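Enquirer: task: produce atomic coordinates for the following.
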Amino acid sequence: MTTVARVVLDSPLPQLDRLFDYRVPAELEDDCVPGVRVKVPLRTGARMSDAYVVEVVSEGDWPGELSPVEQVVSPVPVLAPEIWTLARAVADRAAGVASDVLRLAVPTRQVRAEKAWLARDTSWSPPTVEPTPVTGYAEGVLEALLADHGRAAVDAVPHPVDLGTADDPVWVPGWAATLAQAASHVVAREQSAVLAVPDFRDVTDLERALLAVLPPERVVRFDAKQTNGQRAKALLQARTHAVVAIGNRTAAFAPASELGLVAMWDDGDASFVEPRAPYVHTRDVALVRTAQSGAALLFVAHARSTDVQRLVELHWLQELAPYRVPTPKVIPTAQQAGAEGFAAQARIPSTAWRAAREASQHGPVLVQVANPGFGTGLVCADCGERAHCRVCGGPLGSPHRNATPQCRFCGALAVGFRCPTCGGGRLKPVGQGAQRTADELGRAFPGTRIVVADGSRPLDEVPARPAVVVATRGAEPSVPGGYACVLLLDGERLLAREGLRVQEDVLRFWTNAAAKGAPGAEVYLVGVGGKLATAMALWRLDGPAHDELVDRRALHFPPAVRVATLTGTDEAVTAAVEALGDAVVGAVLGPVPVPDDPVPGTVRAIVRFAYAHGAEVAATLKAEVIRRSSTRRVLPGGNRRRAAPTLRVRLDDAEPFTEV
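Expert: This is a model prediction of the structure:
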């Protein structure tokens, strides 16, 4: 009887995105099991390809002679069956290649980690776990949802929570406490949990919360800061026993044969979009994995995304809000214009100024600004013309006072700058970045410690003592117990950006910063009025998401519909659109030229389609990509080789809508 290994090749070529059958030699049968890495011949024995064994069967589908597996690279099964099923489904949904997804799920081989895993004490078992009650919500509601494998959009507790004791306090954000407490219920049943968060600050907060309610052996971290060796160790540990896997995008692919919970914090964050093919969003990975495993699903946020709002309005997700929890005291300063006159138009109105000054006497004050650096831009001091980079044409900026001007796009230094309009050589800053704001506050708050936190100066936490913390959006450090006062500046500048998700992004920035305040702390929203300011003041944050979704439905914009971006030659894009036929919703946008593409003549079309046609559209577009990738042509000079791809496909891409 012939033993056959069905393998997936580690290749990005779409025409190789299927399982291949190989004969397993007798000497390799013991080690050639599902999940191991192997080397197999491709076309000819001289060319070897890396692959993963997906399954081993007694007979294959191919009636002819099969090529043999050349080598079992390692006897350690690194590709869990459920992760292969997930990768296949995610790739099919995105019209992508499964091996591209597997690169996110499985790190490169690390011999030391594999040897340690093989030598482990198999009789050891981790400490048992007692579930921790979930605080902040109606008694038993969240616990019952987890037990029933339910799905919910959870409004986060909007203030820090102490998970420690009176002698040893452990302050964490409210959302982190909720996820940690929920995970403890799942692990107590000897099931695993997967918790995905946007960036390293959130990973740190969540890990601290988990270690307050779980033993360290039950927490496994997956994030971009890890080395390949650490990732490999975490992957193997997650396969051994029930754990809580935490991290950013890669955590969604952590192995767990008994999965009890999949949860995401702040799913609207752009960090969840994978920048490489097949460009999947972690939210979609979570939805697919939940459908396959039957695990409970939680989307936790202060201001939910329109994607989650759509699922709520379809009654696919239930809503869960905190119960009798104090909400931030948000004060929109635009509504105080009648009382303050022109003083309300200042960057920091007098009421906010007085509140910050008083709060800074006994605790830290958070000041959120839109941009890092000293000024948001530079202009010619003589004629006022905006200064641009001589290398790439990008805007010039200044990281701090008296610094050499630097391009915000390419980083080139503008030494000896001369204005092309008037020839002047002097530049002056316009706008106020984090550093310039800190300088001004330092003069206004003499004797008070001023702290700047941004992308170049990341801070996880500042102590709970008097200080003024100036932070860019998303870079706000935590404070034990919360900030004494929060100022949200530059709101109009943030809302003035062009893009499909500007409003929901800005609302996330504001609410996440406001939730870092202590219970009862005042939060001043400066210079913004209208529905968003009212929603913030009332802390009714589902309204803006609903209104935005209504507008998207009328315009046939995502997430009301799904979209596919087709890029390539005019002939290839047109043929792909025609192949879709009746699956297209409304008019196709384009094709239009792509001026910045390095290939001349490249065009782009945007196809909108209903969710019900998702599988059909993805399969059709992938077939078009395969058909065009498999052709050959004679290139100039008589060389016959595979042509460059003439069609590129990206599903659920919001980038083309950034300038609507």
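
Enquirer: what is the burial count for residue 415?
Expert: For residue 415, the count of nearby residues is 8 (other Cβ atoms under 10 Å). C-beta coordinates here come from the backbone N, C-alpha and C atoms, glycine included.

Enquirer: one more: the one 10 residues further on?
Expert: Burial of residue 425 is recorded as 12 neighbouring residues (other Cβ under 10 Å).

Enquirer: could you look up the SS state of the closest residue in space to it that isn't next to it in sequence?
Expert: Nearest residue to residue 425, sequence neighbours excluded (Cβ to Cβ, 6 or more residues apart in numbering): residue 418, at 5.5 Å. Look at residue 418: counting by DSSP: H, G, I helix; E, B strand; the rest coil, its state is coil.

Enquirer: quick check: phi and psi on residue 418?
Expert: phi -130, psi 130 (degrees, to the nearest 10).

Enquirer: residues contacting the residue positioned nearest the centre of the chain?
Expert: Taking Cα atoms, centre = their mean, the centroid of the chain lies closest to residue 272, which sits 1.4 Å from it. Applying Cβ atoms under 8 Å, 6 or more residues apart in numbering, we find residue 272 in contact with 196, 198, 248-249, 264, 281-283.

Enquirer: in a markdown table: those, plus secondary structure, pLDDT and neighbour count.
Expert: Below are the contacts of residue 272 laid out as a markdown table (DSSP: H, G, I helix; E, B strand; the rest coil; pLDDT from 0 to 100; neighbours: other Cβ atoms under 10 Å):
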| residue | secondary structure | pLDDT | neighbour count |
| --- | --- | --- | --- |
| 196 | strand | 97 | 29 |
| 198 | coil | 94 | 22 |
| 248 | coil | 93 | 21 |
| 249 | helix | 93 | 22 |
| 264 | strand | 98 | 28 |
| 281 | strand | 96 | 19 |
| 282 | helix | 96 | 23 |
| 283 | helix | 97 | 22 |
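
Enquirer: dump the residues you listed to CSV, plus distance to residue 352.
Expert: Listed next are these as CSV, based on distance: Cβ to Cβ, whole Å:
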residue, distance to residue 352
196, 35
198, 28
248, 34
249, 37
264, 33
281, 36
282, 36
283, 35
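
Enquirer: closest one to residue 507 out of these, please.
Expert: The closest of those to residue 507 turns out to be residue 198 (Cβ to Cβ; 15.4 Å).

Enquirer: I figured that closest one hits residue 266, correct?
Expert: Yes - applying Cβ atoms under 8 Å as the test, residue 198 and residue 266 come out as touching, 5.7 Å apart.

Enquirer: ranges for the strands of the stretch 201-350 of the chain?
Expert: In the stretch 201-350 of the chain, strands defined by DSSP state E, counting those that start in this stretch lie at 219-222, 244-247, 259-265, 296-301, 318-320, 329-332, listed in chain order.

Enquirer: those: which one's closest to residue 508?
Expert: Proximity to residue 508 (Cβ to Cβ) singles out strand 296-301 among these, at 7.4 Å.

Enquirer: before we move on, the earlier item: which one of the contacts of residue 272 is nearest to residue 102?
Expert: Distances from residue 102 to those, taken by Cβ to Cβ, are shortest for residue 249, at 13.9 Å.

Enquirer: might one say that the closest one is in contact with residue 196?
Expert: Yes - counting by Cβ under 8 Å, residue 249 does reach residue 196; the two are 7.1 Å apart.
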